[in-house]
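In: Requesting a structural model of the entry that follows:
(one chain, ligands or ions: 2)
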Amino acid sequence: MSTQPTVSEHTSAAASGATTGEVLFASAAASTGPRHVEVPTAYDGILLAGFGGPEGQEDVIPFLRNVTRGRGIPDERLEEVAHHYRHFGGVSPINEHNRELKAALEAELAARGIDLPVYWGNRNWAPYLNEAVEQAEAAGDRTLIAIATSAYSSFSSCRQYREDFARVLTETGLGGTVTIDKVRPFFDHPAFVHTFIEGVRDAVATLTADGVATSAIRVLFSTHSIPTVDATRSGPSFLELGEHGAYEAQHLAVAEVVMAAQEVEGVAWNLVYQSRSGPPTQPWLEPDINDLIETLPGEGVEAVVIVPLGFVSDHMEVMWDLDEEATESAAEHGLRSIRTPTPGIDPTYVTGLVDLVLERVNGTPAAQRPAVTELGPWFDVCRPGCCENIRAGFKPAAAGVVP
Ligand SMILES: CC1=C(CCC(=O)O)c2cc3nc(cc4[nH]c(cc5[nH]c(cc1n2)c(C)c5CCC(=O)O)c(CCC(=O)O)c4C)C(CCC(=O)O)=C3C
Ligand SMILES: [Fe+2]
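Out: Ligands and ions are numbered 1, 2, ... in the order given. Take a look at the predicted model:
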């Protein structure tokens, strides 16, 4: 049994290892040990963990303060971002998306006869994760499996959710009672990739029907830029995934799969980045989508297909940075543009999220877990130091393995 992780169902960060918080899978000691919990786990409920967003003008600044606490985002950047929210009445649609996603998950679970309640809480705005975890505990649901609304590995897209779980268990005093595990980063789950394959197919079909040559179409896979130091440290350190770590490797692998699934040949593509913040002196992943667009007319490109590969719903980064800014950049350079859909509450995606929970409930062997890239299926339990933020320093994280 020494190579098989044992699920310690009712222990918690605080109870079994307060010094590190990396505690939930007590026997998976080796850093290169098993990726998957192939032992059935009797979960009591699902924790849907969102980012959170403001729902009125008066929420905007307090929300931005929550997001940027301790992260050195310059004031000018905050004002700029506040303006994006103000433009839409101070409302991000992200909370509404998560209300809809919760309802869709509940409907899918009911249709499949699965008795698991869904508790929804956000990292940065009400309803907060604290309330969701307290509600679950009050209902007697103590062994939780989290679905974060984020598909890739990195500090911002995986670890920060895990750190917030650990923080919430401490703040609520429920660390000895409640356990929070997390489904694997699902970037290469076919149910997530599906929306992007279809989106590119439809956009390219529209353009070619209008007489645009395939060689004049460029597909731009866009994701959130992150500091290069975060990218390098994304994923477990023992995997050799290049200078920009698991974060970039995962996006590149998914983009390749999306393009390989296209029937039309001869369409070129790039991975591009958006929504950069932080001080200008700090290197972030590039190229920025707007900078790349500028170069395209010189290469004979007439139309861009903008694919929001890094995002699960049409929230502010999509509505502003892609649908306003990148769309405008394309128009300024005489390019036609089509932005493809995010997964949202697409039934295939919702079914896939339930499948991700069930593979943990059933302890499904790795070989039977769906994954469309060579990189996956990704880890159920993050290794110590996985996606750590050396800018902010060490914080305990739930849903990981013992060092
Ligand atoms: C990888 C990634 C995702 C995708 C994964 C995921 O979805 O979780 C994501 C999502 C989101 N980011 C969001 C909003 C913001 N992110 C910010 C700041 C930052 N994001 C970062 C990265 C990411 N962010 C980083 C490295 C920073 C700098 C802070 C730091 O150094 O760690 C800031 C501060 C101002 C600014 O800097 O822009 C805001 C307001 C919203 C809500 C949108 C809405 O309200 O509709 C969503 C879904
Ligand atoms: Fe962000």
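In: Quick check: next helix or strand after the one helix or strand in the chain whose mean pLDDT sits lowest?
Out: Least confident helix or strand of the chain, by mean pLDDT, DSSP states H and E, is helix 13-17 with a mean of 30. Using DSSP states H and E, the helix or strand that follows helix 13-17 in sequence is strand 45-50.
In: Which secondary structure element is home to the residue in the stretch 151-300 of the chain positioned nearest to ligand 1?
Out: Residue nearest to ligand 1 within the stretch 151-300 of the chain (C-beta to the nearest ligand atom): Ser277, separated by 2.6 Å. All C-beta spots, glycine's among them, are computed from the backbone N, C-alpha and C. Secondary structure assignment for Ser277, by DSSP H and E: no helix or strand.
In: Per-residue pLDDT of the nearest residue to it once chain neighbours are set aside, please?
Out: Closest residue to Ser277 apart from its sequence neighbours, by C-beta to C-beta, 6 or more residues apart in numbering: Arg77 at 4.9 Å. For Arg77, the pLDDT comes out at 86.
In: Report the buried residues of stretch 50-67.
Out: Of all the residues in stretch 50-67, those buried under the rule 16 or more other C-beta atoms under 10 Å are 50-55, 59-60, 63-64, 66-67.
In: Between the two ends of it, how far is it?
Out: 13 Å (C-alpha to C-alpha, to the nearest Å).
In: swap in stretch 333-351?
Out: Start-to-end, stretch 333-351 (C-alpha to C-alpha) is 40 Å.
In: In the chain, what residue spans correspond to helices?
Out: Using DSSP state H, the helices found in the chain span residues 13-17, 60-68, 75-87, 94-111, 129-138, 160-171, 190-209, 228-232, 245-260, 289-295, 316, 327-332, 347-362.
In: what separates the residue nearest to Phe63 when sequence neighbours are not counted from ligand 1, distance-wise?
Out: Nearest non-adjacent residue to Phe63, counting by C-beta to C-beta, 6+ apart: Pro54, 4.3 Å away. Counting by C-beta to the nearest ligand atom, to the nearest Å, the gap from Pro54 to ligand 1 is 7 Å.
In: same question, Pro347
Out: From Pro347 over to ligand 1 the distance is 21 Å, taken as C-beta to the nearest ligand atom.
In: so what's the spatially closest residue to Ala139 that is not a sequence neighbour up against?
Out: Nearest non-adjacent residue to Ala139, counting by C-beta to C-beta, 6+ apart: Pro117, 6.9 Å away. Shown in contact with Pro117 (C-beta atoms under 8 Å, 6 or more residues apart in numbering): 44-46, 136, 139, 141.
In: For the most centrally placed residue in the chain, which non-adjacent residue is closest in space?
Out: Closest to where the C-alpha atoms of the chain average out (C-alpha atoms, centre = their mean) is Ser150, at 1.6 Å. Closest residue in space to Ser150, ignoring its immediate chain neighbours: Ser157 at 4.4 Å, by C-beta to C-beta, 6+ apart.
In: What does the pLDDT read for the one you found?
Out: So Ser157 comes in at 98 (pLDDT).
In: Verify the stated contact: it with Arg123.
Out: No - Ser157 is beyond contact range of Arg123, at 11.6 Å (criterion: C-beta atoms under 8 Å).
In: returning to that earlier point: and the residue nearest to Phe63, how close does it get to Glu131?
Out: 17 Å (C-beta to C-beta, to the nearest Å).
In: before we move on, what about Glu171?
Out: Distance, Glu171 to Glu131, using C-beta to C-beta: 11 Å.
In: before we move on, what about Gly300?
Out: Taken as C-beta to C-beta, the span from Gly300 to Glu131 is 54 Å.
In: Who has more neighbours out of these two?
Out: Legend: neighbour count by other C-beta atoms under 10 Å for Gly300 and Glu131, higher for Glu131 (16 against 10).
In: Wait, that one touches Asn122, no?
Out: No - here Glu131 lies out of contact with Asn122, judged by C-beta under 8 Å, at a distance of 9.4 Å.
In: how about the helices of the chain, which one is nearest Arg218?
Out: Using C-beta to C-beta as the measure, helix 289-295 is the one of the helices of the chain that comes nearest Arg218, at 8.7 Å.
In: quick one: Pro370 from Ala138, how far?
Out: Distance, Pro370 to Ala138, by C-beta to C-beta: 35 Å.
In: oh, I was asking about Val361
Out: Val361 is 22 Å from Ala138, by C-beta to C-beta.
In: Could you check which of those two has the larger neighbour count?
Out: Counted by other C-beta under 10 Å, Val361 and Ala138 do not tie: Val361 has more neighbours, with 14 against 8.
In: Now do the same contact list for that one.
Out: 40-43, 145.
In: Mind giving me the PyMOL select for those, buried ones only?
Out: Typed into PyMOL, the line below selects the buried ones among the contacts of Val361, using 16+ other C-beta under 10 Å:
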select buried, resi 41+43+145
